[in-house]
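Student: structure here, sequence nowhere to be found:
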C-alpha cells in the first residue's frame, strides 16, 4: 500500500527512527491490513471504523498474542492513522479512542545471591584472554547493574582506578557515575594487563572490551558468554545480561540499599521503574513469614 510506504519513509528519513523500529511498524501494519484483506477485502482507508479495529484487536488476542505485543501494534496503527489525518487522507484518527490493554505485572527474574557467589568463587575460568574477558564482563554486570548497550559503549578512559568508579553513558545520553569494589578493580587491572600483552589498544578513547581478535565486543558474543556461565549456576529459563542487572538490583535491595540509590545506579528516569524490585522483596518477606510464623 502506497500510504504505508510513504508513512514508513517519513519515519525513517524525517523522524530518523531506527531500522528496527521501522521494521516493527511495518510488521504491525502488515498484520492489520492482512486482517482487512481476509475480512473486508474491498474496504478503503476512510471507511475503516472503530468497530473493525476492535475486531482486529480481539482477533490478535484470540491468536494468543501477549498484551504487550498487541499494545505495540495499536501504537503502530495509531501513529499511522495520525499520519493519514495530517495528510487529509482520512477525516479523523479513530485509533485515538482505542486504549491500550492492561498488562500483567511480571516480577523481574533474578539469580540468587548464593548462585552468583558460586559463579565467581566455584566456577573455573580459563587462564587465557577469553577467560579473563568473560569473568570481567560478568563481574562488571553484577557489580554495577549496567545495561548491555552501556557495557558495549564503555571506553578505557571511563574506568577510574584511583577513585574506584566508572562513568557510564546511559539512555538519552545521560551520564552517571557508579562506584566499583576492590574485587572488580583487581579484575579490571588483570584484564587491562591481558590486553596490553596482546598489543591491543588501551588508550582512553578506545573500547574497554575487545574480542580475541582485538575488535569491539558485540552483543551476540556477550549473550553467549553470559548464558554459558549462568547455565552453570542457575536453572532459570532466561539467562541474559538483563537477568544479572535484575539480580544486582534485587540483591542491593535485600541487603539494605534504598530505592533512590538503586534508581541512580540503574539509571532509571523515575522511581516507579525501580519500584518493581520491591515486589521481589515483599515475596521474600512472605516466604520467610510463612516459614517462621507458627500460625502462618
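Tutor: Sure, I can see it. Small disclaimer: the values here were computed from a predicted structure and weren't measured.
Student: tell me how far the most centrally placed residue in the chain lies from residue 99.
Tutor: Centrality entry for the chain: nearest residue to the mean C-alpha point is residue 242, 6.3 Å, by Cα atoms, centre = their mean. Taking Cβ to Cβ, to the nearest Å as the measure, residue 242 falls 28 Å from residue 99. (Each C-beta comes from the backbone N, C-alpha and C, glycine too.)
Student: what's the answer for residue 62, then?
Tutor: Where residue 99 is concerned, residue 62 sits at a distance of 19 Å (Cβ to Cβ).
Student: which residues in this protein form helices?
Tutor: Ranges of helices in the chain, per DSSP state H, are 2-9, 19-39, 50-62, 67-86, 113-121, 129-144, 148-152, 182-197, 219-230, 241-254, 259-266, 271-274, 276-292.
Student: what's the closest of those helices to residue 171?
Tutor: helix 148-152 (8.5 Å; Cβ to Cβ).
Student: which residues are contacting that closest one?
Tutor: Defining contact as Cβ atoms under 8 Å, 6 or more residues apart in numbering, one finds that helix 148-152 is touched by 137, 140-141, 168-170, 207, 209, 216-219, 222-223, 241-242, 267.
Student: report the buried residues of stretch 56-63.
Tutor: 56, 57, 60 (16 or more other Cβ atoms under 10 Å).
Student: not counting sequence-adjacent ones, nearest residue to the first one?
Tutor: Which is residue 56. residue 35 (4.8 Å; Cβ to Cβ, 6 or more residues apart in numbering).
Student: pretty sure the one you found contacts residue 57?
Tutor: No - using Cβ atoms under 8 Å, residue 35 makes no contact with residue 57, being 9.8 Å away.
Student: what residue spans form the domains of this protein?
Tutor: Using automatic domain parsing, the domain parsing of the chain gives 2-97, 113-291.
Student: lowest-confidence stretch among those domains?
Tutor: When those are ranked by mean pLDDT, domain 2-97 comes last with a mean of 88.
Student: for that one, how far is the first residue from the last?
Tutor: With Cα to Cα, to the nearest Å as the measure, domain 2-97 spans 25 Å from end to end.
Student: centre of the chain to stretch 22-29, how far?
Tutor: In terms of Cα atoms, centre = their mean, to the nearest Å, the centre of stretch 22-29 is found 20 Å from the chain centre.
Student: quick one: buried residues of that stretch?
Tutor: Those buried within stretch 22-29 under the rule 16+ other Cβ under 10 Å are 24, 25, 26, 28, 29.
Student: show the contacting residues for the closest residue to the fourth one other than its chain neighbours.
Tutor: In this structure, residue 28 finds its nearest non-sequential neighbour in residue 76, 3.6 Å apart by Cβ to Cβ, 6+ apart. Contacts for residue 76 were tallied using Cβ under 8 Å, 6+ apart; they are 24, 25, 28, 29.
Student: closest one of those residues to residue 129?
Tutor: residue 24 (37.2 Å).
Student: so that closest one touches residue 75, yeah?
Tutor: No - using Cβ under 8 Å, residue 24 makes no contact with residue 75, being 9.6 Å away.
Student: returning to that earlier point: buried only: go through the contacts of helix 148-152 for me.
Tutor: Neighbour-count burial (16+ other Cβ under 10 Å) is assigned, among the contacts of helix 148-152, to 137, 140-141, 168-170, 207, 209, 217, 222, 241-242, 267.
Student: want to throw the residues you listed into TSV with distance to residue 90?
Tutor: TSV is the format used below for the buried ones among the contacts of helix 148-152 (distance: Cβ to Cβ, whole Å):
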residue	distance to residue 90
137	50
140	51
141	48
168	45
169	41
170	39
207	48
209	50
217	47
222	45
241	43
242	40
267	40
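Student: these: which two are farthest apart?
Tutor: Of all pairs drawn from those, the greatest distance, 20.9 Å, lies between 207 and 242 (Cβ to Cβ).
Student: roughly how far does the residue nearest to the centre of the chain sit from residue 19?
Tutor: The spacing between residue 242 and residue 19, counted by Cβ to Cβ, is 22 Å.
Student: separation between the closest residue to residue 130 other than its chain neighbours and residue 199?
Tutor: Leaving aside its sequence neighbours, residue 130 sits nearest to residue 212 (Cβ to Cβ, 6+ apart; 5.9 Å). Look at residue 212 and residue 199: by Cβ to Cβ, they are 13 Å apart.
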